[in-house]
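Trainee: Sequence and predicted structure below; questions after.
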Amino acid sequence: MSMPVDNIELLLPFKAEYVSIARLTVSGIASRMGFDIDTVEDIKVAVAEVCNRIVSIGSKLSKYYKINFAISEQSLKVLFTCEDKSIRCIFNNEDAELAVSIIKALMDDVEFCTDGSYILSMTKSIGENM
Amino acid sequence: MSMPVDNIELLLPFKAEYVSIARLTVSGIASRMGFDIDTVEDIKVAVAEVCNRIVSIGSKLSKYYKINFAISEQSLKVLFTCEDKSIRCIFNNEDAELAVSIIKALMDDVEFCTDGSYILSMTKSIGENM
Amino acid sequence: MSGELNIKEENLGDSIEVYLDGEVDIYTSQRLKDKLYGIIEKNQLDLRINCRDLSYIDSTGLGIFVGALKKAKQNGKSIYISELKENIKKLFMITGLDKLFIIEE
Amino acid sequence: MSGELNIKEENLGDSIEVYLDGEVDIYTSQRLKDKLYGIIEKNQLDLRINCRDLSYIDSTGLGIFVGALKKAKQNGKSIYISELKENIKKLFMITGLDKLFIIEE
Ligand SMILES: Nc1ncnc2c1ncn2[C@@H]1O[C@H](COP(=O)(O)OP(=O)(O)O)[C@@H](O)[C@H]1O
Ligand SMILES: Nc1ncnc2c1ncn2[C@@H]1O[C@H](COP(=O)(O)OP(=O)(O)O)[C@@H](O)[C@H]1O
């Protein structure tokens, strides 16, 4: 629980063309952490689903959103944040149904619609389902 | 000169194991911008040389360094920053000789040892040497 | 590299086969939508989507498949999806879309 | 994936051939250094570095080649580098290391 954590942060513009950068970056992080190739793929898909949703909704207040990757021995936790507080509960809509089922199935732990200062967090544990 | 610019930022810990993340991220950005595969490789190598040097020197004050990618129609500009101001003129040493020659040869424009608030900036133009 | 998608189309007489090569993501999906919807509107034939070289798809792309199926069904036609890679087949199962489409090996 | 490096070693009788497969970067380079230096110390033979499957190397790795060459020369031996990919051969030319090593096709 109180294991040392490395943080990597990626700041991206609200543009569909840069979602592939998030995919590539998280693939690299998950591979480096030692997740097997199928799990790397799963994490990549889940991260992309959140990015897709964020860039689809867009923001008038903020030009960028941020993805924080918290790397520990046990898990990778991915936290999405944006200064625009109107972008918080982004998946409570019927047209997000597919994305929600994908994210829930592929990640071990997902927090939608938090009260906090972030949009969403999701965690993949090392060793589980591997 | 005053073209619209998209910024992507990557914050990384001072650790050799994460340099590969910078490589992967900049590969994705350069590919997305339309650089050909050889130029993508060149940019990747140049970026890695700077990261290598930063993590080799290390910092007692700062846990992270930041890479800013400024994307315009004409060029990709890569800017390295770190809060620790002791990390500025990092290539003025004999053992950096190989790295310096590589960076200078592969990028179009490199600013070592700036007075500014950043460590180094380097630019690759689209269309030149392609 | 990443985010690239090539779409090829072949008329088999009784159906149209579409080959997807690369990645369907939010950036490339509009092109896929235009292509599939265009084919369905032009031809009163079944659609076969060959995914042998499809390495990545997200819910944007899956949503387009669903939209295309709705259109096809209005014409009394079906969509067959073939040669899915394991990681993508998994997405069809997760979302229940494997029950909507005719999935072939 | 990225940052992986496999090193294989074969004794050819009059020389030792080392196959590099993957990426030599700041993270994997210590292993390369230990391996090359170890081989040079143990054997009084020429060293052949086969780079057919080497996809990436940086100045850390090139510096290790240079260090290994110094050691080999102390024993009156040489280092041959073969089957370099174009992007890596370019790095040898840029740094002038193509004049230090015997580069083979
Ligand atoms: N598991 C599911 N099974 C069937 N349909 C679904 C499922 N999840 C989402 N859908 C539906 O798929 C549709 C997505 O298609 P969409 O891309 O919006 O096409 P259109 O442009 O025709 O609305 C939505 O209407 C959504 O309700
Ligand atoms: N272009 C060059 N040609 C020849 N030698 C070089 C060149 N650039 C750098 N060097 C030398 O290569 C050496 C790097 O080797 P290094 O990894 O430090 O090995 P060691 O551990 O034996 O010092 C440095 O001594 C440096 O001066």
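Mentor: Now that the structure is in, tell me what you want to look at. Numbers count the residues shown, from 1 in each chain, chains lettered A, B, ... in the order given. Ligands and ions are numbered 1, 2, ... in the order given.
Trainee: State which helix of chain C is the longest.
Mentor: helix C:59-74 (DSSP state H).
Trainee: What pLDDT is listed against C:Ile81?
Mentor: We have a pLDDT of 98 for C:Ile81.
Trainee: on contacts alone, who are the packing partners of the helix or strand following the longest helix of chain C?
Mentor: The helix or strand immediately downstream of helix C:59-74 is strand C:79-82, counting by DSSP states H and E. If contacts are counted by 3 or more Cβ pairs under 8 Å, 6 or more residues apart in numbering or on different chains; DSSP states H and E, strand C:79-82 sits against strand C:46-57, helix C:59-74, strand C:102-104. (C-beta placed from N, C-alpha, C; glycine too.)
Trainee: Check whether strand C:79-82 comes near ligand 1.
Mentor: No. Looking at strand C:79-82 against ligand 1 by Cβ under 6 Å from any ligand atom, there are no contacts, and the closest approach is 12.8 Å.
Trainee: Could you check that strand and say which residues are buried?
Mentor: The neighbour-count check on strand C:79-82 (16 or more other Cβ atoms under 10 Å in any protein chain shown) flags C:79, C:81 as buried.
Trainee: Put the alpha carbons of the helix or strand following that strand into PDB.
Mentor: Where DSSP H and E defines the elements, the next helix or strand beyond strand C:79-82 is helix C:86-95. In PDB, the C-alpha atoms belonging to helix C:86-95 read as follows (Å, rounded to 0.1, in the frame of the first residue of the first chain):
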ATOM      1  CA  GLU C  86      -7.800 -12.600 -30.200                       C
ATOM      2  CA  ASN C  87      -7.400  -9.200 -28.500                       C
ATOM      3  CA  ILE C  88     -10.200  -7.800 -30.700                       C
ATOM      4  CA  LYS C  89     -12.500 -10.800 -30.400                       C
ATOM      5  CA  LYS C  90     -12.200 -10.200 -26.700                       C
ATOM      6  CA  LEU C  91     -13.700  -6.700 -27.200                       C
ATOM      7  CA  PHE C  92     -16.700  -8.200 -29.100                       C
ATOM      8  CA  MET C  93     -17.300 -10.600 -26.200                       C
ATOM      9  CA  ILE C  94     -16.900  -8.000 -23.500                       C
ATOM     10  CA  THR C  95     -19.400  -5.700 -25.200                       C
END
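Trainee: Against B:Leu12, how distant is C:Gly13?
Mentor: C:Gly13 is 56 Å from B:Leu12, where distance means Cβ to Cβ, to the nearest Å.
Trainee: More neighbours: the two, which one.
Mentor: Between C:Gly13 and B:Leu12, B:Leu12 has the larger neighbour count (other Cβ atoms under 10 Å in any protein chain shown), namely 23 against 6.
Trainee: returning to what we had before: can I get the helices and strands packed on strand C:79-82 in a markdown table with distance to ligand 1 and mean pLDDT?
Mentor: Shown next, in a markdown table, are the helices and strands packed on strand C:79-82 (distance: least, Cβ to the nearest ligand atom, whole Å; pLDDT from 0 to 100):
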| stretch | distance to ligand 1 | mean pLDDT |
| --- | --- | --- |
| strand C:46-57 | 13 | 97 |
| helix C:59-74 | 3 | 97 |
| strand C:102-104 | 14 | 96 |
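Trainee: among these, which is nearest C:Gly38?
Mentor: helix C:59-74 (10.2 Å; Cβ to Cβ).
Trainee: Packing partners of that closest one?
Mentor: For helix C:59-74, the packing partners by 3+ Cβ pairs under 8 Å, 6+ apart come out as helix A:37-57, helix A:97-106, strand C:15-24, helix C:29-42, strand C:46-57, strand C:79-82, helix C:86-95.
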